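Enquirer: Here you go, sequence then predicted model.
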Amino acid sequence: MAYFDAASAAPLHPVARQALLASLDEGWADPARLYREGRRARLLLDAAREAVAEAVGCRTDELVFTSSGTSAVHAGIAGALAGRRRVGRHLIVSAVEHSSVLHSAEAYAEEVTEVPVDRSGAAAADSYADALRPDTALACLQSANHEVGTVQPVEAVADVCRGAGVPLLVDAAQSLAWGPVDGDWSLLTGSAHKWGGPAGVGLLVVRKGVRFAPQGPVDERESGRATGFENVPAIVAAAAGLRAVRAEAAAEAARLRELTDRIRTRVPALVPDVEVVGDPVRRLPGIVTFSCLYVDGESLLHELDRAGFSVSSGSSCTSSTLVPSHVLRAMGVLSEGNVRVSLPPGIPAEDVDRFLTVLPPAVSAVREKLGAPPESLATPAATDTLTVDSLGRRCPIPVIELAKVIGDVPVGGTVRVLADDEAARLDIPAWCEMRGQEYVGEEAAERGAVYVVRRRS
């Protein structure tokens, strides 16, 4: 098997594994106690905090360890909003933030402004400037997107926020393995299992001078900002893993970028009707994402799994909610048949070449099962308008049915697709852009919606 889902969880780094095993014998005691075993655990905890603080670029007394990256985000947003409650409860987030940020926004903020992103998934500093208000208590921006790898303009946004006196929280989970986050940010979160450390270790940094009021019952541990007994062995392993991946980062980034460039270039040449998404230049080294027309994402992931490849997807057809990825939706790109390849450090180039060999027949097999249309259009019929009833049909069926009949209307004729699948709202306009057809718009219907497409050629 070739593991291509490091953006979800990176394999445990060998150095982190060694540190974990060693510290299980030395760091099991309560680091708050004064006896010998407690002092030994405290020394290990303090050394780990110093190592991580150095890697992040902060003071040791600004950093606390949490039980996960998600809990760090929750605590950071809740505490920052509470600390600035006299200013207001208005929160700014980008439309492509991790779900932990968006869920925290729903739970803790009174008003939330979502800053839009462009088609590459990048937010703009000007958009944050426009969203700022007198009652803005906090702004959030990820350092790099977890689904498409696009690097965000944190430094520019931090300058905008700093000028307005608003703290900026940066979710740096995806980027900390590659280096510290630039810019004058105020709060930062991370997660060890994203950089090759063990799961169950997160970090929260709150810069000195930032108003912060921890929420929930008071706990004397971790400066009162994170609750519960510190998992010292896991924290030691997380720190060792971060130092190890940072030492390898420059060389490994160059190697992984060459491999992902190979995928970005070769996939559209090997597989017809594919859209590669995300910024082609300002992106993380190991992530490349693409979407395939007329493909059920879940079926494609199963085909690739059987062929020996573990990948992820933002397609609604792989989700129990049947709602497409909020990231792909915000970008306005195709969501059906979505594949995210995120390469872990050390992955052999041969695995990437084998993936490029396996992918085309896997996509073809899924398209054949779903009855996808041939590339050429049918001979036009006399009718100017056709209606396709796709109610109750899930992605990618509404788009497949549209593609099958677009050639049955003359140039200038329209096809009306009736669908109640949420993904159709995103995928039909994306199909029109990919195939050179005109998306007229959406009309209300008693059930679902009607998507109107005009044939251009």
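Expert: Structure's in. What do you need? These figures come from a predicted structure and were not determined experimentally.
Enquirer: Show me the strands in the stretch 101-250 of the chain, by range?
Expert: Applying DSSP state E, counting those that start in this stretch to the stretch 101-250 of the chain gives strands spanning 111-115, 136-142, 168-171, 187-191, 202-206.
Enquirer: what about residue 162, how many neighbours?
Expert: 15 (other CB atoms under 10 Å). (C-beta placed from N, C-alpha, C; glycine too.)
Enquirer: Over to residue 308?
Expert: Residues within reach of residue 308, counting by other CB under 10 Å, total 12.
Enquirer: do you know how far it is from residue 113?
Expert: 44 Å (CB to CB, to the nearest Å).
Enquirer: which stretch among the strands of the stretch 101-250 of the chain comes nearest residue 217?
Expert: strand 202-206 (17.1 Å; CB to CB).
Enquirer: What segments of this structure are helices?
Expert: 14-26, 36-56, 69-83, 99-108, 125-131, 154-164, 232-270, 297-306, 326-331, 349-370, 397-405, 424-435 (DSSP state H).
Enquirer: list the contacts for residue 457?
Expert: By CB atoms under 8 Å, 6 or more residues apart in numbering, the contact set of residue 457 is 411, 436-437.
Enquirer: any idea which of these is closest to residue 87?
Expert: Distance to residue 87, by CB to CB, is smallest for residue 437 among the contacts of residue 457, at 48.6 Å.
Enquirer: Quick check, the closest one in contact with residue 456.
Expert: Yes. Using CB atoms under 8 Å, residue 437 makes contact with residue 456 at a distance of 5.5 Å.
Enquirer: rewinding a little: can you pick the most crowded of the contacts of residue 457?
Expert: For the contacts of residue 457, counting by other CB under 10 Å, the largest number of neighbours falls to residue 437: 20 neighbours.
Enquirer: Would you mind measuring from it to residue 270?
Expert: From residue 437 to residue 270 the distance is 24 Å (CB to CB).
Enquirer: coming back round to it: any chance of the strands of the stretch 101-250 of the chain in TSV, plus mean pLDDT, mean neighbour count and distance to residue 300?
Expert: Conversion of the strands of the stretch 101-250 of the chain to TSV gives the following (pLDDT from 0 to 100; neighbours: other CB atoms under 10 Å; distance: least, CB to CB, whole Å):
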stretch	mean pLDDT	mean neighbour count	distance to residue 300
strand 111-115	97	18	30
strand 136-142	98	27	27
strand 168-171	98	28	28
strand 187-191	98	29	27
strand 202-206	98	27	32
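Enquirer: Just the pLDDT for the most centrally placed residue in the chain.
Expert: The residue lying closest to the centre of the chain (CA atoms, centre = their mean) is residue 146, at 2.3 Å. pLDDT, residue 146: 95.
Enquirer: ditto for residue 434
Expert: On the pLDDT scale, residue 434 gets 88.
Enquirer: what residues are up against it?
Expert: With CB under 8 Å, 6+ apart, residue 434 has these contacts: 273, 275, 293, 334.
Enquirer: which one among the residues you listed gets closest to residue 84?
Expert: Comparing those against residue 84 with CB to CB places residue 334 closest, at 39.6 Å.
Enquirer: domains for this structure, by residue range?
Expert: Domain segmentation of the chain under automatic domain parsing yields 10-245, 249-370, 385-454.
Enquirer: of all these, which lies closest to residue 1?
Expert: So among the domains of the chain, domain 249-370 is nearest, using CB to CB, at 5.2 Å.
Enquirer: pLDDT of the closest one, averaged?
Expert: Mean predicted confidence for domain 249-370 is 91.
Enquirer: Can you give me the end-to-end span of that domain?
Expert: Taking CA to CA, to the nearest Å as the measure, domain 249-370 stretches 42 Å from start to finish.
Enquirer: Please render the helices of the chain as JSON lines that adds distance to residue 339 to the earlier fields.
Expert: Shown next, in JSON lines, are these (distance: least, CB to CB, whole Å):
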{"stretch": "helix 14-26", "distance to residue 339": "28"}
{"stretch": "helix 36-56", "distance to residue 339": "31"}
{"stretch": "helix 69-83", "distance to residue 339": "24"}
{"stretch": "helix 99-108", "distance to residue 339": "20"}
{"stretch": "helix 125-131", "distance to residue 339": "29"}
{"stretch": "helix 154-164", "distance to residue 339": "27"}
{"stretch": "helix 232-270", "distance to residue 339": "9"}
{"stretch": "helix 297-306", "distance to residue 339": "7"}
{"stretch": "helix 326-331", "distance to residue 339": "12"}
{"stretch": "helix 349-370", "distance to residue 339": "8"}
{"stretch": "helix 397-405", "distance to residue 339": "17"}
{"stretch": "helix 424-435", "distance to residue 339": "15"}
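Enquirer: which stretch among the ones you listed comes nearest residue 180?
Expert: helix 36-56 (5.9 Å).
Enquirer: JSON lines for the domains of the chain, including distance to residue 2?
Expert: Output for the domains of the chain, formatted as JSON lines (distance: least, CB to CB, whole Å):
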{"stretch": "domain 10-245", "distance to residue 2": "12"}
{"stretch": "domain 249-370", "distance to residue 2": "4"}
{"stretch": "domain 385-454", "distance to residue 2": "26"}
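Enquirer: Tell me which of the ones you listed sits nearest to residue 4.
Expert: Nearest of the domains of the chain (CB to CB): domain 249-370, 4.8 Å.
Enquirer: that older thread, determine which of the helices of the chain approaches residue 194 most closely.
Expert: helix 69-83 (7.1 Å).
Enquirer: now that closest one: how far from the chain's centre is it?
Expert: 19 Å (CA atoms, centre = their mean, to the nearest Å).
Enquirer: Quick one: mean pLDDT over it.
Expert: 97.
Enquirer: And for stretch 48-65?
Expert: Averaged across stretch 48-65, the pLDDT comes to 97.
Enquirer: same deal with stretch 445-457?
Expert: Per-residue scores along stretch 445-457 average to 90.
Enquirer: Against residue 399, how distant is residue 283?
Expert: 27 Å.
Enquirer: the more surrounded of those two?
Expert: residue 399 (30 against 23).
Enquirer: Identify the residues contacting that one.
Expert: Per CB under 8 Å, 6+ apart, neighbours of residue 399: 293-294, 336, 424, 427-428, 431.
Enquirer: just residue 26 next, same as before
Expert: 40-41, 44.
Enquirer: And these, which is closest to residue 363?
Expert: Of the contacts of residue 26, the one sitting nearest to residue 363 (CB to CB) turns out to be residue 44, at 49.3 Å.
Enquirer: measure residue 354 to residue 333 for me?
Expert: Taking CB to CB, one finds residue 354 at 27 Å from residue 333.
Enquirer: more crowded one of these two?
Expert: Higher neighbour count among residue 354 and residue 333: residue 333, with 29 against 15, using other CB under 10 Å.
Enquirer: so how far is residue 6 from the nearest residue to the more buried one once chain neighbours are set aside?
Expert: For residue 333, ignoring the flanking residues on the chain, the nearest one in space by CB to CB, 6 or more residues apart in numbering is residue 277 at 4.7 Å. From residue 277 across to residue 6, the span is 18 Å (CB to CB).
Enquirer: Please identify which of the two sits among more neighbours.
Expert: More crowded of residue 277 and residue 6, by other CB under 10 Å: residue 277, with 28 against 24.
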